[in-house]
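Undergrad: structure for the following, please:
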Amino acid sequence: MSAKGKSLGRIMVASVAALLFASAAQALEVSEQEKAAIAERIAPVGDVYIDGEAPTQTAAAEPTGPRSGNQVYNTYCTACHGTGAAGAPKIGDAAAWGPRVDKGMETLAKHAINGFNAMPAKGTCMDCSDDEIVAAIEHMLDAL
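TA: Residues are numbered from 1 along each chain as shown. Below is the predicted model:
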């Protein structure tokens, strides 16, 4: 290889090295906000502890049993059935509920669980059991 070729090769190697070092230096310049976002993304999803030792954090309380119809209604159903939004029959409105009640409880439950017309499945309470949905229907029917 000629002297000119060797010089050109050295220049290219030096250029590539300079670019790599510049990129690495730029990568080290991370703001505190970016560092916090990265830390949040790579944070562990749980903790490990040895049997017999107390966990460092207490887990969220698990439900102790099924929610009442009143609880489900007040949490998930009242937004539409309290206001009549999207054509939902309002709680206590016997005229609006009449044709629905005439179809039977099985149909009411099926529509509430699977969704019907503008009502989404389970009224968006995806962690509600079918029994809890039925309890919410019974709560609304009790108000008639």
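
Undergrad: for stretch 118-127, give the mean pLDDT please.
TA: Mean pLDDT, stretch 118-127: 92.

Undergrad: quick one: buried residues of it?
TA: 119, 122-123, 125 (16 or more other Cβ atoms under 10 Å). All C-beta spots, glycine's among them, are computed from the backbone N, C-alpha and C.

Undergrad: ok, then the element right after the one helix or strand in the chain whose mean pLDDT sits lowest?
TA: Every helix and strand in the chain was compared by mean pLDDT, DSSP states H and E; the lowest is helix 3-28, with a mean of 73. Counting by DSSP states H and E, the next helix or strand C-terminal to helix 3-28 is helix 32-42.

Undergrad: list the helices and strands that following helix packs on?
TA: Using 3 or more Cβ pairs under 8 Å, 6 or more residues apart in numbering; DSSP states H and E, no helix or strand is in contact with helix 32-42.

Undergrad: how much space separates the most centrally placed residue in the chain from H139?
TA: Nearest to the geometric centre of the chain sits M126, at 10.4 Å (Cα atoms, centre = their mean). Per Cβ to Cβ, to the nearest Å, M126 is found 19 Å from H139.

Undergrad: also A112?
TA: Taken as Cβ to Cβ, the span from A112 to H139 is 12 Å.

Undergrad: do the same with P66
TA: In terms of Cβ to Cβ, P66 sits 13 Å off from H139.

Undergrad: ok, M105 next?
TA: 13 Å.

Undergrad: these two: which is more packed in?
TA: H139 (19 against 12; other Cβ atoms under 10 Å).

Undergrad: that one belongs to a strand, doesn't it?
TA: No: H139: not assigned to a strand; according to DSSP: H, G, I helix; E, B strand; the rest coil it is helix.

Undergrad: tell me the contacts of the residue nearest to it when sequence neighbours are not counted?
TA: Closest residue in space to H139, ignoring its immediate chain neighbours: G69 at 3.2 Å, by Cβ to Cβ, 6 or more residues apart in numbering. By Cβ atoms under 8 Å, 6 or more residues apart in numbering, the contact set of G69 is 132, 134-140.
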